[in-house]
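Q: Give me the fold of what follows.
(one chain, ligands or ions: 1)
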Amino acid sequence: MKSFDAIVIGGGPAGLTAALYLVRSGLKTAIVEKLIDGGQLHQTSAIDNYPGFPKGIQGYELSDLLSEHVNNPENPVVRFRDEVIEIIPQSDKQHLVKLSSEELLTKVVIVACGAKYRKLNIAKESEFIGKGISFCALCDGNFFRNQDIAVVGGGNSALEESLYLSKIVKKIYLIHRRDQFRGSKIYQEKVEKTANIEILYDSVIKELHGDNGLSGITVTNVKNGSERKIDLQGIFVFVGFEPSAGFLPKGIEVDSQGFIKTDQEMLTNIPGIFAAGDIRSKNCRQIATAVGDGACAANSAFSYLENLNA
Ligand code: NAP
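A: Numbers count the residues shown, from 1 in each chain. As a prediction, this is how the structure comes out:
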């Protein structure tokens with residue numbers, strides 16, 4: 001069985017940064033990532049608040065740079081393009097990481113697997129995913145060129161991606177369940193000034209219409225109960241994220257939403273298991289904070305291993 005000092009689960013900004021620091025500390029390190037490096041960066045159009053890129057950077061470009069930076073010829077990180085099925089802590093000194101194709105041993109684990117899109121949980125939603133409903137503007141925006149669409153959500157994702165989509169589609173109905181956006185002021189002001197975005201505050205989608213594909217929605221105003229039927233071809237859902245780690249070890253502490261609780265050094269309640277990035281219970285989910293978490297988790301893992309070996 002292959003064994004490592006550290007296994008990082010997830011190849012997004014948190015995981016890649018953790019791996020970068022681990023290999024530079026001389027630790028035998030593996031990354032398990034079932035898709036390609038970059039994680040959610042691939043679903044982000046332009047990133048304009050990542051420090052060091054005052055003119056902004058495309059998500060895929062930042063992903064490539066982070067991925068390239070991890071490559072260390074003196075201490076190459078071992079890559080597994082696979083899925084983690086289970087983590088089984090065996091002692092303070094060793095954990096078993098079961099992949100779909102093999103089993104690995106490691107002294108420490110850094111869980112940096114990010115989060116998955118939250119759905120609206122309304123009737124016919126599953127039926128229309130890929131037939132009108134999307135969770136990725138960059139991936140699917142072009143399918144709706146010059147058409148009418150809705151964007152649901154009031155956070156930074158909904159605002160930022162509405163701005164991106166406004167350059168492609170004919171009209172956007174931006175539907176938010178409250179009368180105030182959660183996202184940053186800078187995006188709110190831009191959205192309010194964009195001619196082809198109509199904001200529907202205090203509103204939720206009550207019904208999806210269409211037979212073989214989406215053809216319209218009924219929106220309800222949650223304050224006065226009024227309803228409006230809107231013909232449109234697409235809906236982009238940006239209502240936040242949920243933890244996506246079904247493989248977490250038994251007994252690991254999570255918050256009420258299922259995100260992993262850590263101390264400020266990224267250590268979970270299980271010795272040798274650390275968490276970093278969006279899977280961690282925290283308020284601020286940014287690329288910059290994911291990168292910070294990754295560096296901190298790697299540093300803590302290094303200190304932990306030094307104490308183990310002392
Ligand atoms: P978010 O900040 O959690 O916002 C989710 C939005 O969806 C909220 O406005 C929420 O409404 C709404 N919502 C939640 N469940 C809903 C439901 N079932 N039906 C209708 N609406 C629902 O999620 P996000 O915008 O994806 O952002 C996630 C994290 O990434 C945040 O920390 C965000 O700041 C960060 N992010 C940053 C940037 C950037 O800085 N450039 C870009 C994208 C994302 P309420 O407001 O009423 O709760």
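Q: Distance check, the closest residue to Tyr201 other than its chain neighbours against the ligand.
A: In this structure, Tyr201 finds its nearest non-sequential neighbour in Asp179, 4.6 Å apart by C-beta to C-beta, 6 or more residues apart in numbering. Glycine gets a C-beta too; all of them are placed from N, C-alpha and C. Computed with C-beta to the nearest ligand atom, to the nearest Å, the distance linking Asp179 and the ligand is 10 Å.
Q: got the contact list for Leu22?
A: Asp5, Ala6, Val8, Thr29, Val77, Ile110, Ala298, Ala301, Phe302 (C-beta atoms under 8 Å, 6 or more residues apart in numbering).
Q: what's the lowest-mean-pLDDT helix or strand in the chain packed up against?
A: Lowest by mean pLDDT, DSSP states H and E among the helices and strands of the chain is strand 46-47, with a mean of 86. Judged by 3 or more C-beta pairs under 8 Å, 6 or more residues apart in numbering; DSSP states H and E, the packing partners of strand 46-47 are strand 57-58, helix 59-70.
Q: can I get the ones you listed in JSON lines with mean pLDDT and mean neighbour count?
A: Below are the helices and strands packed on strand 46-47 laid out as JSON lines (pLDDT from 0 to 100; neighbours: other C-beta atoms under 10 Å):
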{"stretch": "strand 57-58", "mean pLDDT": "94", "mean neighbour count": "18"}
{"stretch": "helix 59-70", "mean pLDDT": "96", "mean neighbour count": "18"}
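Q: The ligand: which of the ones you listed is closest?
A: Taking C-beta to the nearest ligand atom, helix 59-70 is the member of the helices and strands packed on strand 46-47 nearest to the ligand, at 10.3 Å.
Q: for the helix or strand following the closest one, packing partners?
A: Note on helix 59-70: by DSSP states H and E, the next helix or strand toward the C-terminus is strand 78-80. Under the contact criterion of 3+ C-beta pairs under 8 Å, 6+ apart, strand 78-80 touches strand 29-32.
Q: The ligand contacts on the stretch 51-200 of the chain?
A: 118, 120, 152-158, 160, 177-178, 182 (C-beta under 6 Å from any ligand atom).
Q: buried subset of the residues you listed?
A: Val152, Gly153, Gly154, Gly155, Asn156, Ser157, Ala158, Glu160 (16 or more other C-beta atoms under 10 Å).
Q: Helices - which of those residues land there?
A: Taking DSSP state H, the ones among those that sit in helices are Asn156, Ser157, Ala158, Glu160.
Q: what's the angle between the helix or strand hosting Val23 and helix 59-70?
A: Taking DSSP H and E as the criterion, Val23 maps to helix 13-24. On the basis of axes from the mean of the first three to the mean of the last three C-alpha atoms, to 10 degrees, helix 13-24 is oriented at 20 degrees to helix 59-70.
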